[in-house]
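In: A structural model of the following input is requested.
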Amino acid sequence: MQSKNLALRKRAQIAKANRTMFIWVACASVLVGFAFVASLFLIQMLTYNEKVLAEKDNTVSILKQNNNNIAGLESEIRALDANQALIDAKARPTDRALQVVLDALPADANADALGSSLQEKLLVGNGVNLKSLQVDSVVTGGQIMFSFSISGDENALKMVLSNLERSIRTIQIISLKIENQDNVRVLTAQAKAFYEPKLIIELKDKLVKK
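Out: You can find the predicted model right below:
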């Protein structure tokens, strides 16, 4: 009887030890799993922070470079304002010499202004008769196309070509034809003017993805 009770107590102790071991193993597994998840989260956070710091360093580098370029740009602008060729080409005495550069490459095509300038200033002269003028309303790649036809004697046609050559706004003749019609010389040409689309500089927020 005593041996039987002893055997029962031993089995009870073994069962209790097994339960205790199971609980410890389960707790250890939970702790290991939690530690793994926490470690993974920390690694992701560190990696993300490194990306953010890299973007900040890049922004700081660009700003420093831009600040370093300011002095050089100011010097170049002062040199342009003192350029005698630009001073002589000013449209109005009150303009700065730098305005000539802006007039040569305006920020937009402005077909109406180009047409008005051609009709009132460039395609004119003693003995010049403007027969036709067509300025395209569709512009591409910083260029605006136009065509015109004028008539007059040799000196009148040369005067118009000289006007186009001296124009502040950049103009390129693509094709030119001169022919006699009823004892009058007629010049027909296709050309294009240029413009430089304006640049917009602004600060933007950049989202760094995890």
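In: which residues in this structure form strands?
Out: For the chain, the strands defined by DSSP state E occupy 129-135, 143-152, 171-181, 184-194.
In: could you dump those to a markdown table with distance to residue 95, mean neighbour count and mean pLDDT?
Out: For every residue, glycine as well, the C-beta is placed using N, CA and C. Shown next, in a markdown table, are these (distance: least, C-beta to C-beta, whole Å; neighbours: other C-beta atoms under 10 Å; pLDDT from 0 to 100):
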| stretch | distance to residue 95 | mean neighbour count | mean pLDDT |
| --- | --- | --- | --- |
| strand 129-135 | 25 | 14 | 93 |
| strand 143-152 | 23 | 18 | 93 |
| strand 171-181 | 20 | 11 | 92 |
| strand 184-194 | 20 | 17 | 93 |
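In: Please tabulate these in JSON lines, including the columns distance to residue 42.
Out: Output for those, formatted as JSON lines (distance: least, C-beta to C-beta, whole Å):
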{"stretch": "strand 129-135", "distance to residue 42": "66"}
{"stretch": "strand 143-152", "distance to residue 42": "57"}
{"stretch": "strand 171-181", "distance to residue 42": "63"}
{"stretch": "strand 184-194", "distance to residue 42": "57"}
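In: Out of these, the one nearest residue 201 is which?
Out: strand 184-194 (22.1 Å; C-beta to C-beta).
In: Any idea how far that closest one is from the middle of the chain?
Out: Between the centre of strand 184-194 and the centre of its chain there are 34 Å (C-alpha atoms, centre = their mean, to the nearest Å).
In: got the angle between it and strand 171-181?
Out: 170 degrees (axes from the mean of the first three to the mean of the last three C-alpha atoms, to 10 degrees).
In: helices and strands around strand 184-194, which ones?
Out: If you count contacts as 3 or more C-beta pairs under 8 Å, 6 or more residues apart in numbering; DSSP states H and E, strand 184-194 packs onto strand 143-152, helix 154-166, strand 171-181.
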